[in-house]
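Chemist: Need the 3D shape of this:
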Amino acid sequence: MKIAIVQLSDIHITSDTDPVLQRAELIASSLYQYAECVKQIFLVLSGDIAYSGKEEQYDCASTFINQILDSLKNEYRTPVSIVMVPGNHDCDFEKNTSVRKAVIADLNNVPLETIDEAQIDQCVSVQEAYFLFQKRIAEHGLIHDDHLWAQYRFEVRGKAILFDCLNVAWVSNINERQGGVYFPYQRYSGRIKESADIRFVVLHHPMHWLSQEQYRDARARVRSFGDIILTGHEHVEGAELVDDAVSGESMLIEAGALQVTGDANISTFNVIEIDLDEKQYKRDVFCFENGEYCSDSTFGSWASFKALPKRKSNIFELSDQFRTWLDNAGASYSHPSKTNLLLGDIYIFPDLLEFRVSEEKNH
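Modeler: All right, here's what the predicted structure looks like:
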């Protein structure tokens, strides 16, 4: 049983005159080859749908997405479901109040697990138009949604497919900087444990945009439950298989931009075809060239299927409380880039090398 993931990222819609808005049927026609052999298509919008988070930009996005859907439906009866996550361009920074700025600044000084709903509401207030757009076109399959972690679950021919969409842009600012992104993973320990035949994690910013304080733990948590991790933001296509000693393998797939401001000829998107019975997948990168979208092996398309990442089950999973106790440094240490250093920040693993000195060797 096969499914297809169509990843459109960084669409950056500014107005109804954007060139990409005239290419909905071209995108759909490039998907016909998948629609005739898969049981379901998932259209994944991995952030920066709008350019500045305005309501009228999402009106254009809604028309654009519906044109893709209508074109597919006119040719095939393959069901299409929409999954989405916001990016930093999905924030309307004209609504970035002094209160929101103060809340974000305070995140450097408090444990993320202690933040409350009022603080979260302040931070996501700049994404109001995005959430209205999400409610309009992407509610099917949504089982959990509290503005920071939207979880979609689908059953296709007896197979459970789970999408975890993490809103890491909730603390975005106009001048986005690497290391300035935070996410309260500890609030969602229950969702991490949910099971499925395949599980996707969708977030706009790649993991290295997270704060230095959080990066290592957040990366481990995402890899612990995500089979395939989809990101955007950097406008560079890429795919990397990671083999973690604890959680096993996971695939990181980055998408290029569907629309780059100032250059209408740069436009790419990913299609990931997955055979859940054979546990295989294949990634194609489509690029706009000579008036159409074609699969381009120079950008990372694979000619044949590869084995899905092999996961490891850990029956001795640590609780957050025990993990905190283990990482306690035993004293209060600080650093210019971090308020409270943990044991993992300062401990250096001993690298031991065995030396054998021959008795016959002359000294």
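Chemist: Contacts for stretch 241-254, please.
Modeler: The contact list for stretch 241-254, computed with Cβ atoms under 8 Å, 6 or more residues apart in numbering, reads 7, 206, 220, 223-232, 234, 236-240, 270, 272, 281, 283, 308-312, 314. For glycine as for every other residue, the C-beta is placed from the backbone atoms N, C-alpha and C.
Chemist: Show me how to select, in ChimeraX, the buried members of those.
Modeler: This is how ChimeraX selects the buried members of the contacts of stretch 241-254, with burial counted by 16 or more other Cβ atoms under 10 Å:
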select :7,206,223,224,225,226,227,228,229,230,231,232,234,237,239,270,272,281,283,308,309,311
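Chemist: Can you tell me the element Glu128 falls in?
Modeler: In this assignment (DSSP states H and E), Glu128 forms part of helix 128-137.
Chemist: centroid residue for this protein?
Modeler: Leu203 (2.1 Å; Cα atoms, centre = their mean).
Chemist: Confirm for me that it is in contact with Thr231.
Modeler: Yes: Leu203 is within contact range of Thr231, at 5.8 Å (criterion: Cβ atoms under 8 Å).
Chemist: What strands line up against the strand or helix carrying Cys294, and which way round?
Modeler: Element membership of Cys294, judged by DSSP H and E, is strand 292-295. Strand 292-295 has the following strand partners under DSSP bridges: strand 280-289 (antiparallel).
Chemist: what's the offset of the partner strand from the middle of its chain?
Modeler: 18 Å (Cα atoms, centre = their mean, to the nearest Å).
Chemist: still on that earlier bit, from the contacts of stretch 241-254, which ones fall inside helices?
Modeler: 220, 223-225 (DSSP state H).
Chemist: and the residues you listed as CSV, adding pLDDT and distance to Asn88?
Modeler: Conversion of the ones in helices among the contacts of stretch 241-254 to CSV gives the following (pLDDT from 0 to 100; distance: Cβ to Cβ, whole Å):
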residue, pLDDT, distance to Asn88
Ala220, 83, 24
Arg223, 87, 23
Ser224, 85, 26
Phe225, 87, 24
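Chemist: Looking at the residues you listed, spot the one nearest Tyr152.
Modeler: Phe225 (14.4 Å; Cβ to Cβ).
Chemist: thinking the closest one is in contact with Val201, fair?
Modeler: Yes: with contacts counted by Cβ under 8 Å, Phe225 reaches Val201, the gap being 7.4 Å.
Chemist: joint contacts of the two?
Modeler: Asp164.
Chemist: dump the residue contacts of Ala255.
Modeler: So Ala255 contacts 7-10, 46, 230-232, 237, 268-270 (Cβ under 8 Å, 6+ apart).
Chemist: JSON lines for those residues, including pLDDT?
Modeler: As requested, these are exported to JSON lines (pLDDT from 0 to 100):
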{"residue": "Gln7", "pLDDT": "97"}
{"residue": "Leu8", "pLDDT": "97"}
{"residue": "Ser9", "pLDDT": "97"}
{"residue": "Asp10", "pLDDT": "97"}
{"residue": "Ser46", "pLDDT": "97"}
{"residue": "Leu230", "pLDDT": "97"}
{"residue": "Thr231", "pLDDT": "96"}
{"residue": "Gly232", "pLDDT": "96"}
{"residue": "Glu237", "pLDDT": "89"}
{"residue": "Thr268", "pLDDT": "95"}
{"residue": "Phe269", "pLDDT": "96"}
{"residue": "Asn270", "pLDDT": "95"}
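Chemist: could you dump the residues you listed to JSON lines with distance to Val110?
Modeler: Shown next, in JSON lines, are these (distance: Cβ to Cβ, whole Å):
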{"residue": "Gln7", "distance to Val110": "34"}
{"residue": "Leu8", "distance to Val110": "36"}
{"residue": "Ser9", "distance to Val110": "32"}
{"residue": "Asp10", "distance to Val110": "32"}
{"residue": "Ser46", "distance to Val110": "29"}
{"residue": "Leu230", "distance to Val110": "30"}
{"residue": "Thr231", "distance to Val110": "27"}
{"residue": "Gly232", "distance to Val110": "29"}
{"residue": "Glu237", "distance to Val110": "37"}
{"residue": "Thr268", "distance to Val110": "40"}
{"residue": "Phe269", "distance to Val110": "39"}
{"residue": "Asn270", "distance to Val110": "37"}
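Chemist: now, among these, which is nearest to Gly262?
Modeler: Closest to Gly262, out of all of the contacts of Ala255 and judged by Cβ to Cβ, is Asp10, at 13.3 Å.
Chemist: Quickly note the distance from the closest one to Ile229.
Modeler: Distance, Asp10 to Ile229, by Cβ to Cβ, to the nearest Å: 17 Å.
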